[in-house]
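**Q** Sequence plus predicted model, see below.
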Amino acid sequence: MDDATVRLLGIRHHGPGSARAVISALESNPPQIVLIEGPREADAIAHLAVHPQMRPPVTMLGYAVDHLDKAVFHPYASFSPEWVALRWAGDADVPVRHIDLALANTLAEWPAEPRTLQDAAGASGASGASGAADVVDGERRPADPLAELAAAAGYDDAERWWEDVVEHRDTGTTADSVSDGPFPAIADAMAVLRSAYEPDLVPADPIERRREAQMRAGIRTALKDGYTNIVVICGAWHVPALARAADPKQARADTALLRGMPKIKVANTWVPWTHRRLASATGYGAGVTSPGWYHHLFTHPGPDTIARWFTEAAVVLRANDYAASAADVVEATRLATSLAVLRGRPLAGLVEANDAARAVLGDGTDTPMLLLSNELIVGTLIGQVPDHTPMVPLARNLATEQKRCRIKPEAATKSLELDLRKPLDLNRSRLLHRLTMLRVTWGHEVEGRRSAGTFRETWELTWEPELEVRLIEASALGTTVEAAAQASVVQRSLGAQSLAELTDAIEQCLLADLTQPLPGIVQLVADRAALDVDVSHLMQALPALVRTVRYGDVRGTDAESLVGVVRSLVVRIAAGLAPACSGLDADAADTLAVEINDTRSALSLLGDRELTALFHDALSELVEKDRVHASLQGRATRLLADGGAMPTDAVERRVSRALSPGTPPNDGAAFVEGFLGGSGTVLVHDTELLGLIDNWLTVLDSDAFVDVLPLLRRTFGTFEVAERRQIGERVRRGTAEIDTAGDESLDAERVAAGLHTIAQLLGAGR
């Protein structure tokens, strides 16, 4: 052990300069073993890093087997020093050990710790010179070690200082090979900085103390095993503390500190990650603001780095219909280089590249820069893991389903149009709906079936790494997506608090083609509906049931069992509607009006004349019943008129009565609001009705007009601009004039052309 050499390479956890320096140090003096700051369980899956199918960014995902809500990520990018060390060791057949505190300890329940366990576990990937904000209850540590060193060097930007002294450093020189590159200087700087905050090198955070004790123990274990050339890859902040690993007194203190730690059963695996999730804006403590830029610096080192960057920027801009010529690329490169010289920087950095891109490629505007930020500076790259990577059975089944449905998880948002008449698209829809039921929201339906038609769905797909954790959580429900979704919907149904939740569950079952739990949920709906006396609850439940009955045949599912439940609901709604609408205030009336609208729309979709007539009878009773809010009476009148259940002359008489001098002005205004219902089309085409409202307004006294004006403004404010313009034009000219001149103002030739076009659209001539 006296002849052993332990080289501590203090790195920034995601830094291309650190990564290149690590490679240089390993190649110039190959060690016998590589020790890496990371959870000890990572040793079991570290060999997968060199698999041909493994492509960063990826993350080690660790989770508690019996508490799936406890999980932690340890992300790696192509430019992460730990990652390049793993790859180098695998290629060179050098053993690797992870020496940080085990996940079994960090994810366990700790008594009265000053920080959350999630943060404590995350610190194993965020505690180096990355500038993570870790000040906790007076902990003797700067919020950003890099900022402290940058300020001492005269920089006001820690990122720019790090780029100048490390990222832009040439690691291929002879001096670097002999002296392990920048690492001795980094160690000295951290020793001075840490002594100012922690004179005894003992962190205030108890978990942090144990982490450093565990890493020192890992170094001592490697020495006892006979290794004499050891390299340790760790966060730069830890270097001064780990340098004391061989001290016997420190060893005894570490042993005492690590005794009796809580422990639970854990598992870990590799999962794909994204550059966007590496960005610090996402909340990951050791993130970097520009992972795409750092990836470029690492993969394209050398004098042509900036030229290649602007070449890629031009490709992105041209793909999005922005002009970007070869001459622009040359000019932007020259400008960025000149700015670096003027600012005294060794090479042009991201700030200079952005300034040059804005001036040359963006013509001084920020819109193209937003595009470059998303596509290049942050990036949309998503990693890949080998097929045989350890997975929970549910995740493996999902991977099989994704291949079967031919949809690949991608970090970039992708629009997917589905035609449900095609078997492949139908299977895709079922898969996406099943995942939604499991809260694995890979896709969001952006155009619902009610507006897009029977056979079409439009989805936006974005695969987020956090969905891997959701899959692990859902794995307790089943080993396949179908089985887990069935168990999930059964749990939801048994815990449902309302009829609407149950009917939504039925609709989701049909959308996801989950027929097994359907009979039980239908029975729950029937039982709950028989006991529920609240008409509002019944109306909330009806639309989802009707959509299920109406569209069930499109997906090849049997929804006939729901028809009886639908009929029972409509009968009970019709019987209880008028009493439910009695004695309501304005807010309650507005809420019920929406539910009445939805019920009428659902019945129109169902197309059952008997049930529609039954509901119309209930609306007719509502129109004439006392103590019913005027807005509800207006709404009922409009629905009856639209459905052809109330003749035109009867509608005009009812409106005339509501606007008569004997009716309080506020009630008249409320009736108008309910009758028009957010659409002014009826006033555009019904001159008689417009005249009634116009005459009613003209006879109001000034006080009454002031009282009803806010309600009328709200009513007319919901109309389309074109509707308001046409109504205003009619009032300005006078309704009688417009009425008599209407037929004569039509151009017969243009009308015929319009009718011909409509006929073609409707396929009338086929």
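**A** Right, received. Where do you want to start? Residues are numbered from 1 along each chain as shown.

**Q** Please save the CA atoms from the longest strand along the chain in CSV.
**A** The residue-count maximum for a strand in the chain (DSSP state E) belongs to strand 67-76. Written as CSV, here are the backbone C-alpha positions of strand 67-76 (Å, rounded to 0.1, in the frame of the first residue of the first chain):
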residue,chain,number,x,y,z
HIS,A,67,-42.0,1.4,-2.3
LEU,A,68,-42.1,2.2,-6.0
ASP,A,69,-42.7,5.9,-5.4
LYS,A,70,-39.1,6.1,-4.3
ALA,A,71,-36.8,6.3,-7.3
VAL,A,72,-33.7,8.3,-8.3
PHE,A,73,-31.9,9.0,-11.6
HIS,A,74,-28.2,9.1,-12.3
PRO,A,75,-28.0,10.5,-15.9
TYR,A,76,-25.1,10.2,-18.2
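
**Q** Can you check what angle separates the helix or strand following that strand from strand 67-76?
**A** Toward the C-terminus, strand 67-76 is succeeded by helix 81-92 as the next helix or strand (DSSP states H and E). Using axes from the mean of the first three to the mean of the last three Cα atoms, to 10 degrees, the inter-axis angle of helix 81-92 relative to strand 67-76 is 80 degrees.

**Q** Identify the spatial nearest neighbour of Val271, chain neighbours not counted.
**A** If the residues on either side of it in the chain are set aside, Val271 comes closest to Glu468, at 4.3 Å by Cβ to Cβ, 6 or more residues apart in numbering. Quick note: C-beta positions are derived from backbone N, CA and C, even for glycine.

**Q** What mean pLDDT does the strand or helix carrying Glu723 get?
**A** Taking DSSP H and E as the definition, one finds Glu723 inside helix 721-733. Per-residue confidence for helix 721-733 averages out to 74 on the pLDDT scale.

**Q** that older thread, given the longest strand of the chain, what are its sheet partners and their directions?
**A** The partner list of strand 67-76 in its sheet, established with DSSP bridges, is strand 58-64 (antiparallel).

**Q** Dump the partner strand to CSV, restricted to CA.
**A** The C-alpha trace of strand 58-64 is given here as CSV (Å, rounded to 0.1, in the frame of the first residue of the first chain):
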residue,chain,number,x,y,z
VAL,A,58,-29.1,7.3,-20.6
THR,A,59,-29.6,7.2,-16.9
MET,A,60,-29.3,4.6,-14.1
LEU,A,61,-32.7,4.3,-12.6
GLY,A,62,-32.7,3.0,-9.0
TYR,A,63,-36.0,2.3,-7.1
ALA,A,64,-37.2,0.7,-3.9
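
**Q** I'd like the distance from it to the chain centre, please.
**A** Using Cα atoms, centre = their mean, to the nearest Å, the mean C-alpha position of strand 58-64 is found 20 Å from that of the whole chain.

**Q** picking up where we left off before, which of the residues in the helix or strand where the residue nearest to Val271 lies are buried?
**A** With elements delineated by DSSP H and E, Glu468 resides in helix 466-474, which encompasses its position. Using 16 or more other Cβ atoms under 10 Å as the burial criterion, the residues of helix 466-474 that qualify are Leu467, Glu468, Val469, Arg470, Leu471, Ile472, Glu473, Ala474.

**Q** between the residues you listed, which is closest to Leu398?
**A** Ranked by distance to Leu398 (Cβ to Cβ), these are led by Leu471 at 6.5 Å.

**Q** who's in contact with that closest one?
**A** Leu471 makes contact with Val392, Leu394, Ala395, Leu398, Leu438, Val440, according to Cβ atoms under 8 Å, 6 or more residues apart in numbering.

**Q** tell me the pLDDT at the first one?
**A** Pointing back at Val392 there. Confidence per residue is given as pLDDT, and for Val392 that number is 79.

**Q** Determine the number of other residues adjacent to the residue nearest to it when sequence neighbours are not counted.
**A** Once flanking residues are discounted, Val392 sits nearest to Ser475: 4.2 Å by Cβ to Cβ, 6+ apart. The burial metric for Ser475, expressed as a neighbour count using other Cβ atoms under 10 Å, is 18.

**Q** wait, Ser415 sits on Trp459?
**A** Yes. When contacts are counted by Cβ atoms under 8 Å, Ser415 is listed as touching Trp459 (7.3 Å).

**Q** Quick check: neighbours shared by these two?
**A** With Cβ under 8 Å, 6+ apart, Ser415 and Trp459 have common neighbours Val446.

**Q** ok, Leu697 to Ser656 distance?
**A** From Leu697 across to Ser656, the span is 14 Å (Cβ to Cβ, to the nearest Å).

**Q** Which one's more surrounded, those two?
**A** For Leu697 versus Ser656, the count of surrounding residues by other Cβ under 10 Å is larger for Leu697: 19 against 14.

**Q** the strands in this protein, which residues?
**A** In order along the chain, the chain carries the following strands (DSSP E): 5-11, 33-39, 58-64, 67-76, 96-100, 229-235, 266-272, 414-419, 443-447, 456-461.

**Q** Who are the contact partners of Ile573?
**A** For Ile573, the residues meeting the contact criterion (Cβ under 8 Å, 6+ apart) are Val535, Leu538, Met539, Leu542, Thr599, Phe615, Ala618.

**Q** can you list these in CSV and add distance to Phe183?
**A** What follows is the contacts of Ile573, written out as CSV (distance: Cβ to Cβ, whole Å):
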residue, distance to Phe183
Val535, 75
Leu538, 72
Met539, 70
Leu542, 70
Thr599, 72
Phe615, 79
Ala618, 81
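
**Q** Buried subset of those, written for PyMOL?
**A** Restricted to buried positions by 16+ other Cβ under 10 Å, the PyMOL selection for the contacts of Ile573 reads:
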select buried, resi 535+538+539+542+599+615+618
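
**Q** Which one of the contacts of Ile573 is nearest to Ala574?
**A** The shortest approach to Ala574 among the contacts of Ile573 belongs to Ala618, at 4.1 Å (Cβ to Cβ).

**Q** which ones are touching the closest one?
**A** Ile573, Ala574, Ala575, Leu577, Ala578.

**Q** I'd like the buried residues of helix 466-474 as a markdown table, with pLDDT and distance to Met369 appended.
**A** A markdown table is the format used below for the buried residues of helix 466-474 (pLDDT from 0 to 100; distance: Cβ to Cβ, whole Å):
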| residue | pLDDT | distance to Met369 |
| --- | --- | --- |
| Leu467 | 84 | 30 |
| Glu468 | 81 | 32 |
| Val469 | 76 | 33 |
| Arg470 | 82 | 34 |
| Leu471 | 84 | 36 |
| Ile472 | 79 | 38 |
| Glu473 | 75 | 38 |
| Ala474 | 82 | 39 |
